[in-house]
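Visitor: Predicted model and sequence below, questions to follow.
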Amino acid sequence: MAKLNDKAKGYTLGIIAAMTYGMNPLFALPLYKSGMNPDSVLFFRYLLALPILGIMIKSRGRDFKVKRREIFPLIAMGLLMAVSSLTLFKSYNYMGAGIASTLLFVYPILVALIMSLVFKERLTIQTALCILLAVGGIAMLYNGSDGGSLSLTGTLLVFASALSYAIYIVGINQTSLKNVATLKVTFYVLLFGVALFIFRLYTDKSLTLPGEWYLWGNLLALAIFPTAISFICTTSAIQYVGSTPTAILGALEPVTAIAFGITVFGERLTCREWCGLALIITAVTLVVAGSNITHVLVRFRKMFPRLPLKKAGSPFIRRKTHGQ
């Protein structure tokens, strides 16, 4: 029962992580329009999230101590997450946020491949089916009716973001960080991640501020939702259910963008987009159902036992032949 509860927590946290991470374009694009560059947006995003996590750690009576063997993995994870964020945010300058989010979803495939090739995790038919359904669904969500062609630079940036994020997801579950408190891991990931943006802004001297005072609310929202909440939930989900299921649950990221488009901007879905959402929801349902589906199928199969085939030399046939 405890194991089942842990899985339920993991899937719930994975869903929350995906949905909050999908808020990136909602808060970031207005900042771009005001004249901010990606490095500045990410610098404030990470910096504002640090005190939030620090308060959460202290409120739970925990300290900030880490073991020596955990320092290097934390630095590596921080840099990987920073590189993933930076390349994704830079890709918004070369293509729309929708197509960037679509291309980004190659990362569950990369996670599955890394786990299979490096860590010898068996890639089940169900996992492969979930990935195919999710990728197909997200492809249907992208509306390329504007006739624009993909930017090679933007595509390479998104692929770099997907690869670094995939390595991060695998690394969290395959290093000494696996048993470290989630809040502490997330705090140091952001701390070492913000160091990259400090270095870049110092060398380029390109720090920009929001054009309007109210856009500081966007920066704070970026720090809270797709950063603090999403990173915490992602790390926890990986520790509960593993890297591959958490990655597949990320299919809900573009669904979040669609939901905001409908509720905030009054957009309407086409039949194709509804079909895409249906495929994504099916993929996520299969992931969450997990082994329960296998158990149901096994029980269903047992209801119809296979009758043994009669061989040519069986007693039944011989008796029948003798009677003739």
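Guide: The structure has been received and is ready for your questions. Residues are numbered from 1 along each chain as shown.
Visitor: Next one: residue 289, what pLDDT does it get?
Guide: pLDDT, the model's per-residue confidence, is 67 for residue 289.
Visitor: From residue 196, how far out is residue 78?
Guide: In this view, residue 78 and residue 196 are 8 Å apart by Cβ to Cβ, to the nearest Å. Quick note: C-beta positions are derived from backbone N, CA and C, even for glycine.
Visitor: scratch that, residue 133
Guide: Residue 133 is 35 Å from residue 196, by Cβ to Cβ.
Visitor: Over to residue 59?
Guide: Distance from residue 59 to residue 196, counting by Cβ to Cβ: 28 Å.
Visitor: okay, the two: which has more neighbours?
Guide: Shown here are residue 59 and residue 196; by other Cβ atoms under 10 Å, residue 196 has more neighbours (20 against 9).
Visitor: And the helix or strand harbouring the more buried one, what does it pack against?
Guide: Assessed by DSSP states H and E, residue 196 sits inside helix 182-204. Packing partners of helix 182-204 (3 or more Cβ pairs under 8 Å, 6 or more residues apart in numbering; DSSP states H and E): helix 38-59, helix 68-91, helix 230-241.
Visitor: Remind me what the first one packs against, helices and strands.
Guide: The reference is to helix 38-59. Secondary-structure packing of helix 38-59 (3+ Cβ pairs under 8 Å, 6+ apart): helix 24-33, helix 68-91, helix 182-204, helix 216-223.
Visitor: What residues sit buried inside the second one?
Guide: Judged by neighbour count using 16 or more other Cβ atoms under 10 Å, the buried positions of helix 68-91 are 70, 73-91.
Visitor: List the contacts of that helix.
Guide: The contact list for helix 68-91 (Cβ atoms under 8 Å, 6 or more residues apart in numbering) reads 24, 28, 38-39, 41-42, 45-46, 66, 100, 104, 154-155, 157-158, 160-162, 164-165, 167-168, 171-172, 175-177, 180, 185, 188-197, 231.
Visitor: any idea which helix or strand comes after it?
Guide: Assigned by DSSP H and E, the successor of helix 68-91 is helix 97-104.
Visitor: Follow the chain on from that next one and name the next helix or strand.
Guide: helix 107-117.
Visitor: can you give me the angle that following helix makes with helix 68-91?
Guide: Counting by axes from the mean of the first three to the mean of the last three Cα atoms, to 10 degrees, helix 107-117 points 140 degrees away from the direction of helix 68-91.
Visitor: got the angle for the helix or strand that helix 107-117 is followed by vs helix 107-117?
Guide: Note on helix 107-117: by DSSP H and E, the next helix or strand toward the C-terminus is helix 125-141. Interaxial angle, helix 125-141 versus helix 107-117 (the same axes, to 10 degrees): 160 degrees.
Visitor: how about helix 125-141: buried residues?
Guide: Residues 127, 130-131, 133-135, 137-138, 140-141 are the ones in helix 125-141 that count as buried (16+ other Cβ under 10 Å).
Visitor: Report the rounded mean pLDDT for stretch 233-251.
Guide: 88.
Visitor: and the end-to-end length of it?
Guide: End-to-end distance for stretch 233-251, by Cα to Cα, to the nearest Å: 15 Å.
Visitor: Determine how far that stretch lies from the middle of the whole chain.
Guide: Stretch 233-251 has its average C-alpha position 7 Å from the chain's average C-alpha position, going by Cα atoms, centre = their mean, to the nearest Å.
Visitor: cool, stretch 241-261 as well?
Guide: Relative to its parent chain, stretch 241-261 has a centroid offset of 6 Å by Cα atoms, centre = their mean.
Visitor: cool, stretch 271-282 as well?
Guide: Mean-position distance between stretch 271-282 and its chain equals 18 Å (Cα atoms, centre = their mean).
Visitor: before we move on, what about stretch 165-172?
Guide: In terms of Cα atoms, centre = their mean, the centre of stretch 165-172 is found 10 Å from the chain centre.
Visitor: ditto for stretch 127-134
Guide: With Cα atoms, centre = their mean, you get 14 Å for stretch 127-134.
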